[in-house]
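A.B. asks: okay, predicted coordinates and the sequence, questions at the end:
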Amino acid sequence: MNVKWYRFSLVSAALALVAGACAPAATPVVVENTVEVPVTQIVEVPVEVTAQPDPTAAPEPVTLTYFTFSAAPDHLDHLDAMITAFEATHPNVTIEVETAPFNEYFTKLQTLIAGGTAPDIFELNYENFVSYASKGVLLDLSSQSAGDASFAADVYYPRAYDAFSLNGMQLGLPATFSTVVMFYNKALFDQAGLDYPTSDWTWADAVAAGQQINDPAAGVYGLYSPTQFWEFYKKAAQNDCEFFNADKTEATINSPQCVEALQTMVNFVQTDKVMPSDADMGGVSDGDLFKSGKLGMIVTGIWMFSAFEDAGFEWDIVVEPGLKNQATHFFANGVSVFAATQHPQEAWEWAKFFTSSPEAATIRVEAGWELPAVSDTAVFDSYLQQTPPANRQAVLDSLNFAIVPPVIERQSEMQDAVNKLLDQVKLGQLTPQEALDQAKLEIEALLK
Amino acid sequence: MVGERGWRKTGWVLLFLLPSLSGLAVFSLTPIVASLGLTLFDWDLLTPPRFIGLDNFAELFASDDFWAALGHTLYFITGYIPLVLVLALGLALILNQKLRGIMLYRAAFYLPVVSAWVAVALLWKWIFNPKFGLVNYLLGLIGIVGPGWLFDPNWAMPAIILTSVWKDIGFVMVMFLAGLQGIPADYYEAAAIDGADRWQSFWNITRPLLAPTTFFALIISLINSFQVFDQVWIMSGGGPAGATTVLVEQIVKNAFSYSRMGYASALSWVLFLLVFAATAVQMRLQQTWVAYE
């Protein structure tokens, strides 16, 4: 073998590797993410020029893009029906729909905005809304709503409407909401000879019942309400704990109320022994565990109704138990208009129609596509009549105790930091007090 | 000498290279240069980038998360590199024999290399499942209560290392096989005639003549393992309690979850410099143990 050649090729191959390594190192998945995120052009309804008797008097045709995560893949037909209804009354407007799955949606949206090709209207969940609202990329809809005689803010469920305002600006309209309730397995309650849970239960009641249902040998557990950010802020609120002070300058997450709330949660696994640990779960999802009849009670969202529909046992729901008081999750999705849209008026019309019109609300309820965030509960009649669960009223009753999540501009970082500390508590590496003292420091660093 | 014909030839070569070169320029070179510039900015994609000088680097070196991720990455490397090199060499020695169906064995060991990381990671996630997994079942048969693996902060990284070794061993093995087959058989014959046993011929013939291959395998494995990500992301997500966070995972989180493009770029360039330095050191060290034929 030629020594020089061999040596040269080896060295140059190694160099090429280093150079190659620099590409993924410098921009790890940028290309992958921006290129591969599928954007599906779903609906393209052409402007019907023939419908206009006098083309010269007709308003200029306008095409708006609407970007959504919640419509695909199950509700594209329903969105299509709403668009058809909207375009019937706004013949000069065409709505084009783009979709991305939820876990890719926000990367895609950021890239579209950064690249100068932002959609005119886009869906935002409440937690991400705050991050976007403070960046000045959302249109303040106050001027549109003030100039629109047909608009009344009280058509919305007030908490949902307020959730999408910031510093006196209305930066979005609430579209849908969902709540979290406690599901319970009637068969397991019957078997243990227990009364079914009621809406005035506390967690102590739930733990007591759970201990009767518990049968670890058979892999049956009393309840499931995991120790993570989402469940914690709610238990915290049930125990009068606030994550920060009112103007979000100081974290109060290590108050005695907060520590006590966290201790209650950790006890489910460690001392009450009514809940499986992560290792006990062995990667099986909580929903699957409930559906297989191995959980007495589970706290989860009303979006699980359809998944549990064909469970082989009777189940029902009830408002989640409380500690010192009751508090329930309230998840809202809203619609915002891009600040630099060419067509703010038409975008406003679509946002208003999509979120509050009786046509859209009816399509939504009948399709089971979440619940419209409207104040008129008559819309929900057909929803309430469906079973299971028999006690669907609990979905609306939960709204009486609804709290919105603690949200800051650097939301994902706060969630990850708190979740990591909660993990350490679960693993016994930190006490609740130590973890929350640390959480206070980390959150305050993020508030700056 | 480049005559007129030569220039014409070069022109044609460039023309044919143009499509791939322009792709490289647009999709690799530009982002690399841009990311270097971005390290000096605070950019959330939504608002215009703000120049902040070296603040990203200052924050990075003061950040517990960075040092933890670097520590876990080095832990991965120290566990992974010796294992994969030694096992792959052993495997190559075994498979470097004239046996019936040897190609079949070689293909079987190479199979994980061409499998997608997602599939492999999901499979091993199940194998390491503390309740239903294969590993703890087998340990149970000999009376050992297995650990929680991916649910246990002390065992999550070993689980990831073992998975990575299983996945990459075929790749390194193929390099060693090629190296072994480049060693002339005469040397072994001559050694045998002189009365050398198997160990002596391995130590005095195979080891030195395989050194260039070993060096190449070491460098390529080192570079790859600095960039460990897929298996971590899928198997543990950096958990439990942050016990397996690695550098690339930090980059992805900061870029796409926290929208901190400038900080993520700074992390990327620090990673690049680490890889570059580690490789340069290896290049320097090779003079002491790698002799080219």
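C.D. replies: Here it is on my side, so go on.
A.B. asks: which stretches of the stretch 201-350 of chain A form helices?
C.D. replies: Assigned by DSSP state H, counting those that start in this stretch, the helices in the stretch 201-350 of chain A fall at A:203-213, A:229-238, A:256-270, A:278-281, A:286-291, A:305-308, A:344-356.
A.B. asks: now for the closest residue to chain A within the stretch 151-293 of chain B: which residues touch it?
C.D. replies: Closest residue of the stretch 151-293 of chain B to chain A, CB to the nearest CB: B:Ala241 (3.8 Å). Glycine gets a C-beta too; all of them are placed from N, C-alpha and C. By CB atoms under 8 Å, 6 or more residues apart in numbering or on different chains, B:Ala241 lies in contact with A:Lys420, A:Asp423, A:Gln424, A:Lys426, A:Leu427, A:Gln429, B:Pro153.
A.B. asks: can you verify the last one is assigned to a helix?
C.D. replies: Translated: B:Pro153. No: applying DSSP: H, G, I helix; E, B strand; the rest coil, one finds B:Pro153 to be coil, outside a helix.
A.B. asks: give me the secondary structure label for the residue lying closest to it once chain neighbours are set aside.
C.D. replies: Among residues not flanking B:Pro153 along the chain, B:Ala243 sits closest, at 3.6 Å (CB to CB, 6 or more residues apart in numbering or on different chains). Of the three states, B:Ala243 takes coil according to three-state DSSP.
A.B. asks: just give me the neighbour total for B:Ala243.
C.D. replies: B:Ala243: 23 surrounding residues under other CB atoms under 10 Å in any protein chain shown.
A.B. asks: repeat for B:Leu139
C.D. replies: Neighbour number of B:Leu139 under other CB under 10 Å is 14.
A.B. asks: my read: it touches B:Trp155, true?
C.D. replies: No: judged on CB atoms under 8 Å, B:Leu139 makes no contact with B:Trp155 at a distance of 11.9 Å.
A.B. asks: which of the helices of the stretch 201-350 of chain A sits closest to chain B?
C.D. replies: helix A:278-281 (4.2 Å).
A.B. asks: ok so, going back, contact partners for the residue nearest to B:Pro153?
C.D. replies: Applying CB under 8 Å, 6+ apart, the residues contacting B:Ala243 are B:His72, B:Pro153, B:Asn154, B:Ala156, B:Met157, B:Ser236.
A.B. asks: can you do 10 Å?
C.D. replies: A:420, A:423-424, A:427, A:429, B:68, B:72, B:75, B:150, B:152-157, B:236 (CB atoms under 10 Å, 6 or more residues apart in numbering or on different chains).
A.B. asks: how about A:Tyr132?
C.D. replies: Counted by CB under 10 Å, 6+ apart, A:Tyr132 has contacts A:106, A:109-110, A:113, A:122, A:124, A:138, A:166, A:171-172, A:336, A:338-339, A:409, B:46.
A.B. asks: inside strands: which ones of those?
C.D. replies: Of the contacts of A:Tyr132, the ones assigned to strands by DSSP state E are A:Phe122, A:Leu124, A:Leu166, A:Ser336.
A.B. asks: report the buried residues of stretch B:55-66.
C.D. replies: By neighbour count on 16 or more other CB atoms under 10 Å in any protein chain shown, the buried set for stretch B:55-66 is B:Asp55, B:Asn56, B:Phe57, B:Leu60, B:Asp65, B:Phe66.
A.B. asks: filter the residues you listed down to the ones near chain A?
C.D. replies: B:Asp65 (CB under 10 Å from any CB of the partner chain).
A.B. asks: point to the helix or strand of chain A where mean pLDDT is at its lowest.
C.D. replies: helix A:30-36 (a mean of 34; mean pLDDT, DSSP states H and E).
A.B. asks: and the helix or strand containing B:Ala108, C-alpha only, in PDB?
C.D. replies: Assigned by DSSP states H and E, B:Ala108 belongs to helix B:102-114. Extracted in PDB, the C-alpha atoms of helix B:102-114 (Å, rounded to 0.1, in the frame of the first residue of the first chain):
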ATOM      1  CA  ILE B 102     -20.000 -15.700   7.500                       C
ATOM      2  CA  MET B 103     -21.600 -13.000   5.300                       C
ATOM      3  CA  LEU B 104     -24.900 -13.700   7.100                       C
ATOM      4  CA  TYR B 105     -23.400 -13.000  10.500                       C
ATOM      5  CA  ARG B 106     -21.700  -9.900   9.300                       C
ATOM      6  CA  ALA B 107     -24.900  -8.700   7.800                       C
ATOM      7  CA  ALA B 108     -26.800  -9.500  11.100                       C
ATOM      8  CA  PHE B 109     -24.300  -7.400  13.100                       C
ATOM      9  CA  TYR B 110     -24.500  -4.600  10.600                       C
ATOM     10  CA  LEU B 111     -28.300  -4.500  10.600                       C
ATOM     11  CA  PRO B 112     -28.700  -2.100  13.600                       C
ATOM     12  CA  VAL B 113     -26.500   0.400  11.800                       C
ATOM     13  CA  VAL B 114     -29.000   0.800   9.000                       C
END
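A.B. asks: is the helix or strand bottoming out on mean pLDDT in chain B up against chain A anywhere?
C.D. replies: Sorting the helices and strands of chain B by mean pLDDT, DSSP H and E puts helix B:4-24 at the bottom, at a mean of 87. Yes: against chain A, helix B:4-24 shows contacts by CB under 10 Å from any CB at B:Leu24.
A.B. asks: joint contacts of B:Leu139 and B:Trp155?
C.D. replies: What both B:Leu139 and B:Trp155 touch, as defined by CB under 10 Å, 6+ apart, is the set B:Gly146, B:Pro147.
A.B. asks: can you tell me the SS state at the residue in the stretch 1-150 of chain B that chain A sits nearest to?
C.D. replies: Relative to chain A, the nearest point of the stretch 1-150 of chain B is B:Lys131 (3.6 Å; CB to the nearest CB). Following three-state DSSP, B:Lys131 is assigned to coil.
A.B. asks: list the contacts for it?
C.D. replies: A:Gly219, A:Pro276, A:Ala279, A:Asp280, A:Met281, A:Gly282, A:Gly283, A:Val284, B:Tyr137, B:Gly146, B:Gly148, B:Phe151.
A.B. asks: can you tell me which helices and strands the helix holding B:Ala108 packs against?
C.D. replies: Applying 3 or more CB pairs under 10 Å, 6 or more residues apart in numbering or on different chains; DSSP states H and E, we find helix B:102-114 packed against helix B:64-95, helix B:117-127, helix B:156-181.
A.B. asks: what about burial for the contacts of B:Ala243, which qualify?
C.D. replies: Buried among those (16+ other CB under 10 Å): A:420, A:423-424, A:427, B:68, B:72, B:75, B:150, B:152-153, B:155-157, B:236.
A.B. asks: for chain B, what are the nearby residues on the stretch 251-400 of chain A?
C.D. replies: A:Pro276, A:Ser277, A:Asp278, A:Ala279, A:Asp280, A:Met281, A:Gly282, A:Gly283, A:Val284.
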